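> Following is a predicted model, sequence given first.
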Amino acid sequence: GPKVLQIPSHQIIDMGQMVTLNCDPVSNHLYFYWYKQILGQQMEFLVNFYNGKVMEKSKLFKDQFSVERPDGSYFTLKIQPTALEDSAVYFCASSPRDRGSNERLFFGHGTKLSVL
Amino acid sequence: GQQVQQSPASLVLQEGENAELQCNFSSTATQLQWFYQRPGGSLVSLLYNPSGTKHTGRLTSTTVTKERRSSLHISSSQITDSGTYFCAIITGYQNFYFGKGTSLTVIP
């Protein structure tokens, strides 16, 4: 089936550094998402992105977070600077555009971020 | 507030028993999807079921949109079914909200 790829699978950084998480969504999908999951807990919505813009973001999407998808490249989540509480697994997801008939969400395998 | 409530929070079954997982949501949901996650794994889409009843293999989902609820029935559970099952709904700008999940453990 359709695949969402995330790079890297694990990232270890020191607190205060910048980190960029990369996502390669399904090729014909136009809605992109980032979710945060702390070990074994709920999937927390961070942000969704469509047509080059942030459509909706949650309270967890702090000012230190930003997303973009330059043409033809990865959909990225940047955290600058990182904090200890940013340690989690970050999942990227994508969905087709056709609302009402096909809005399934496809997930990547996640990037485990460890902030030391 | 919490838009998606799942019950039970955890469930232990013997192999071969059936499981019934519930999902209730407080907002108007235009779409609903059930996911499975193995510990430390990614989310796998099980069923996309905005309304009515859908089947795939040993899984059956029934969604009653007006009553804002959905169920996931797993028949003849197997040890490999162990993991966490999430219900997610779409609201707003095609945003998916997740419940806290039901942790299923199937024992021999």
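Received it, and whenever you're ready, just let me know what you need. Numbers count the residues shown, from 1 in each chain, chains lettered A, B, ... in the order given.

> which non-adjacent residue is nearest the residue most central in space within chain A?
When Cα atoms, centre = their mean is applied to chain A, the residue found nearest the centroid is A:Trp34 (2.9 Å). In this structure, A:Trp34 finds its nearest non-sequential neighbour in A:Leu46, 4.3 Å apart by Cβ to Cβ, 6 or more residues apart in numbering or on different chains. For glycine as for every other residue, the C-beta is placed from the backbone atoms N, C-alpha and C.

> Now do the contacts for that neighbour.
Contact analysis of A:Leu46 by Cβ atoms under 8 Å, 6 or more residues apart in numbering or on different chains lists A:33-36, A:57-58, A:60-61, A:65, A:77, A:90.

> Make sure it is indeed in a strand.
Yes - checked against DSSP: H, G, I helix; E, B strand; the rest coil, A:Leu46 lies within a strand.

> who's the spatially closest residue to B:Ala29 that is not a sequence neighbour bridged to?
Leaving aside its chain neighbours, B:Ala29 sits nearest to B:Ile89 (3.7 Å; criterion: Cβ to Cβ, 6+ apart). Beta-bridge pairing for B:Ile89 (DSSP bridges): B:Leu32, B:Tyr97.

> so how far is chain A from B:Ile89?
11 Å (Cβ to the nearest Cβ, to the nearest Å).

> repeat for B:Leu46
11 Å.

> Could you say which helix or strand holds the residue lying closest to that residue once chain neighbours are set aside?
Distance criterion Cβ to Cβ, 6+ apart; nearest residue to B:Leu46, sequence neighbours excluded, is B:Trp34 at 4.5 Å. According to DSSP states H and E, B:Trp34 maps onto strand B:31-37.
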